[in-house]
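A.B. asks: Fold the following and give me the result.
(one chain, ligands or ions: 1)
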Amino acid sequence: MVAQPLHCVDNGELGSVVETEKEKSPKGKVEPVVSSQRRTSARIQATRQRAEKEELVRKRVELLDESEEEGSNKRTSVYSRRRVNVENVSDVVEERKESEDFVPSEVVKPAGEVVKANFGGQNGVVCGGGGASEKSVFARVKETLRLFNKHYLHFVQEEEKRCRKKRVDKKSSRSSKSKKGNAIKADAKKKAKRPDLKAITQMIDSNAVMYPEKRIGDLPGINVGHQFYSRAEMVAVGFHSHWLNGIDYMGMSYRKEYGNYTLPLAVAIVLSGMYEDDLDNADDVIYTGQGGHDLTGNKRQVRDQVMERGNLALKVQFVYGRVPQSISEIRGLVCEDISAGQEDVPIPATNLVDDPPVPPTGFTYCKALQIAKNVKIPTNASGCNCKEACVDPQTCACAKLNGFDFPYVRMSRQVGRLIEAKAIVFECGPNCGCGSNCVNRTSQGGLKFRFEVFRSPKKGWAVRSWDFIPSGAPICEYVGVLKRTEDLDSISENNYIFEIDCLQTMRGIDGRERRLGEVSVPTINNTEGSEDQKLESVPEFCIDAGSTGNIARFINHSCEPNLFVQCVLSAHHDLKLARVMLFAADNIPPLQELTYDYGYALDSVTGPDGKIQQMECYCGAADCRRRLF
Ligand SMILES: C[S@@+](CC[C@H](N)C(=O)[O-])C[C@H]1O[C@@H](n2cnc3c(N)ncnc32)[C@H](O)[C@@H]1O
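C.D. replies: Presented below is the predicted three-dimensional model:
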């Protein structure tokens, strides 16, 4: 038996890269590890008509594919020009390091500063020195997927608008028998364009596919256990080069470079959930080969798969952990719910590190922000006049503030996915006409996933999710006591302070990376070195989760994080008192630790004695900067 690694497997919507091997028959031919012997004779004798139907469906799908490409070609420049720092922070580091006048950014140190300098800065202040000069392949895979998902969410938004328009047009065409009515009907008949396919095209057109050439063996940056959210993501990275076919293979045209191999040779295999004998129970995957099923989606075989073209089969093993199905299955449980019933979904804490295992202590869980006595919250903004849920960005006053568009696309009934990181997000508030189901209230609905607080060997407590989290999904708000920065205790150490530096980030103060994007923000005086600016270089307010806080206080730092910080305004419109939200930057598989970039500048933190403090970083990222501060 010759073992050769392939890369494989998608179970439709969510899949995993797994270690694979294919077996050779004595003749050296590649044969399935799992045979398709269970095919019944009835199926073998499936009628010619059904086979023809399959062919017809395939042709239609291919046509759709082609038309998608035409459609999305036109939009290349629209999105590729945008730079959003959440996915480009490392580019910026490199660019800045190369520039002669780049001085590692510093966070202002107020007198008697404790450990708090720009912790959790909105944009991850760029730190100089210490980092690897080459971006790791893992970081590049992440960036490629982030770019793909950004395109995807934009196209989803475009599609939402198209559907909305279609509904409106349909209504008006019913009441109109005029030429215009007919034109609207014709327009409505136009094919829907799949956002994922458009996003793939966008990636291909802009040469953004990370591995555009097929290759044998594993792809650097994609480890065993990596999970893809969709087939399209696999194409965007170059893991599997077709969004529909189950098997991606090198045919005879690869004879020149791969003459030593027996061709055709499969390079990646995905499960589509369309074959009745395929099995995906997470630990084991059985793949029965491509072809022979009914493309109408009813999971029925119409004939046996044939051992031809890329029909190679494989045996797979998954290596990631298992999500507990009930409380009794949780290993190392030390607390059933750290929120003590405050959150809709309980948050268990586990400890497999300490002996004896102890639960997290020294804080009081609090779901909502507490306001210090000397902080005055501004009066509520006027809001929009929409009814039930905001749908039309042209008429909604809140959408207008976000650049005449909603920042979210719908993920479920009440929750949205943030399309991209923005300088600020304006959500609907108490004076808006819409209700709680409005997608423009995404950050206000509490926790949406099953989180666990767990003890890590080197970083103290940490957070992970039992559910898969799609990129752009809301994680949680950073909750604690909203205080004046000047009121912080300068003697005792406090690792749980989050400065609200939305304004400073918008101004790019102290090396903070500005976020672009159309938002309507209160006038900001940008004159370099102005008194006004100097005064406001220190965030006036912060959130102290030292003794009171929610799950956010347990989320650790990473130099390659999977979350990002987003300032949100909902009730009032004062940037200095913006709410601090964490969103998923990537599609996050279950049990992966949740992290964001704390954004400290190196040597920016001083202790009560005025001496610079240092903290080693244990994030474990390939491009780790080695120090938190
Ligand atoms: C907001 S708390 C995070 C939760 C914390 N681990 C706990 O046990 O409560 C921030 C502190 O966690 C630790 N921490 C977070 N990320 C870390 C990292 N990448 N490396 C080392 N320590 C980290 C540091 O002690 C830091 O001051």
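A.B. asks: can you give me the strands for the stretch 301-450 of the chain?
C.D. replies: 315-317, 333-335, 349-350, 364-365, 370-371, 408-410, 416-418, 425-426 (DSSP state E, counting those that start in this stretch).
A.B. asks: Lowest average pLDDT across those?
C.D. replies: Lowest mean pLDDT of the strands of the stretch 301-450 of the chain: strand 315-317, a mean of 38.
A.B. asks: picking up where we left off before, out of the strands of the stretch 301-450 of the chain, deepest packed?
C.D. replies: Compared across the strands of the stretch 301-450 of the chain, strand 425-426 shows the largest average neighbour count, a mean of 26 (mean count of other Cβ atoms under 10 Å). The way it works is simple: take the backbone N, C-alpha and C, and place the C-beta from them, glycine included.
A.B. asks: in its sheet, what does that strand sit against?
C.D. replies: strand 563-569 (parallel) (DSSP bridges).
A.B. asks: quick check: angle from whichever helix or strand comes after the partner strand to strand 563-569?
C.D. replies: Next along the chain after strand 563-569, taking DSSP states H and E as the criterion, comes strand 579-584. Between the axes of strand 579-584 and strand 563-569, defined by axes from the mean of the first three to the mean of the last three Cα atoms, to 10 degrees, the angle is 150 degrees.
A.B. asks: what sits up against strand 579-584?
C.D. replies: 120, 122, 369, 418, 421, 425, 443, 469-478, 498, 500, 543, 552, 555, 562-570, 594, 596 (Cβ atoms under 8 Å, 6 or more residues apart in numbering).
A.B. asks: Which residues of this protein lie near the ligand?
C.D. replies: Taking Cβ under 6 Å from any ligand atom as the contact definition, the chain meets the ligand at 459-461, 495-496, 553-554, 556-558, 617-619, 628.
A.B. asks: Kindly recompute the last result at 5 Å.
C.D. replies: For the chain, the contact set with the ligand under Cβ under 5 Å from any ligand atom comprises 459, 460, 461, 495, 496, 554, 556, 557, 617, 618, 619.
A.B. asks: what's the nearest residue to the residue of the stretch 351-500 of the chain found nearest the ligand if we skip its chain neighbours?
C.D. replies: Across the stretch 351-500 of the chain, the shortest distance to the ligand (Cβ to the nearest ligand atom) belongs to residue 460, at 2.5 Å. Excluding the flanking residues, the one nearest residue 460 by Cβ to Cβ, 6 or more residues apart in numbering is residue 556, at 7.7 Å.
A.B. asks: One more: residue 384?
C.D. replies: Per Cβ to Cβ, 6+ apart, closest to residue 384 is residue 397, 4.0 Å.
A.B. asks: sorry, back to before: got the contact list for the residue nearest to residue 460?
C.D. replies: Here residue 556 is in contact with 456, 459, 460, 462, 463, 593, 595, 619 (Cβ under 8 Å, 6+ apart).
A.B. asks: per-residue pLDDT, it?
C.D. replies: Residue 556 is assigned 98 on the pLDDT scale.
A.B. asks: Could you report the separation of it from residue 142?
C.D. replies: Look at residue 556 and residue 142: by Cβ to Cβ, to the nearest Å, they are 17 Å apart.
A.B. asks: circling back: of the residues of the chain next to the ligand, closest to residue 262?
C.D. replies: residue 619 (43.3 Å; Cβ to Cβ).
A.B. asks: Now do that closest one: how many residues are near it, please.
C.D. replies: 20 (other Cβ atoms under 10 Å).
A.B. asks: repeat for residue 378
C.D. replies: 11.
A.B. asks: Once you drop chain neighbours, what's closest to it?
C.D. replies: residue 572 (4.0 Å).
A.B. asks: before we move on, what about residue 629?
C.D. replies: Spatial nearest neighbour of residue 629, excluding adjacent residues (Cβ to Cβ, 6+ apart): residue 600 at 3.7 Å.
A.B. asks: still on that earlier bit, what's the closest of the contacts of residue 556 to residue 413?
C.D. replies: Distances from residue 413 to those, taken by Cβ to Cβ, are shortest for residue 463, at 25.1 Å.
A.B. asks: and the closest one, that's in a helix?
C.D. replies: No. The assignment for residue 463, made by DSSP: H, G, I helix; E, B strand; the rest coil, is strand rather than a helix.
A.B. asks: Report the beta-bridge partner residues of it.
C.D. replies: residue 453.
A.B. asks: any idea how far residue 558 is from it?
C.D. replies: Residue 463 is 12 Å from residue 558, by Cβ to Cβ.
A.B. asks: Figure out the helix or strand that residue 170 lives in.
C.D. replies: helix 137-174.
A.B. asks: what bits of the protein have low per-residue confidence?
C.D. replies: Confidence mapping of the chain against pLDDT under 70 gives the ranges 1-134, 174-192, 271-321, 516-535.
A.B. asks: give me that answer again for 50
C.D. replies: 1-54, 56-133, 184, 188, 312-320, 525-528 (pLDDT under 50).
A.B. asks: picking up where we left off before, I'd say the residue nearest to residue 384 and residue 381 touch.
C.D. replies: No. Residue 397 lies out of contact with residue 381 (Cβ atoms under 8 Å); the separation is 9.2 Å.
A.B. asks: Of those two, give the one with the bigger neighbour count.
C.D. replies: Counted by other Cβ under 10 Å, residue 397 and residue 381 do not tie: residue 381 has more neighbours, with 21 against 17.
A.B. asks: Could you measure from the residue nearest to the more buried one when sequence neighbours are not counted over to the ligand?
C.D. replies: Distances taken as Cβ to Cβ, 6+ apart place residue 573 nearest to residue 381, at 4.9 Å, with adjacent residues excluded. Taking Cβ to the nearest ligand atom, to the nearest Å as the measure, residue 573 falls 28 Å from the ligand.
A.B. asks: Tell me how far residue 573 lies from residue 397.
C.D. replies: Residue 573 is 12 Å from residue 397, by Cβ to Cβ.
A.B. asks: Kindly report the same for residue 380.
C.D. replies: In this view, residue 380 and residue 397 are 13 Å apart by Cβ to Cβ.
A.B. asks: again, but for residue 411
C.D. replies: 24 Å.
A.B. asks: What is the nearest of the residues of the chain next to the ligand to residue 513?
C.D. replies: Nearest member of the residues of the chain next to the ligand to residue 513, counting by Cβ to Cβ, is residue 557, at 16.5 Å.
A.B. asks: wait, that closest one sits on residue 619?
C.D. replies: Yes. Residue 557 lies in contact with residue 619 (Cβ under 8 Å); the separation is 6.3 Å.
A.B. asks: Report the set of residues contacting both of the two.
C.D. replies: The contact lists of residue 557 and residue 619 share residue 595, where a contact means Cβ under 8 Å, 6+ apart.
A.B. asks: wait, the residue nearest to residue 629 sits on residue 617?
C.D. replies: No. The criterion here is Cβ under 8 Å, and residue 600 misses it with residue 617 at 9.6 Å.
A.B. asks: When these two are compared, which one has more neighbours?
C.D. replies: residue 600 (27 against 21).
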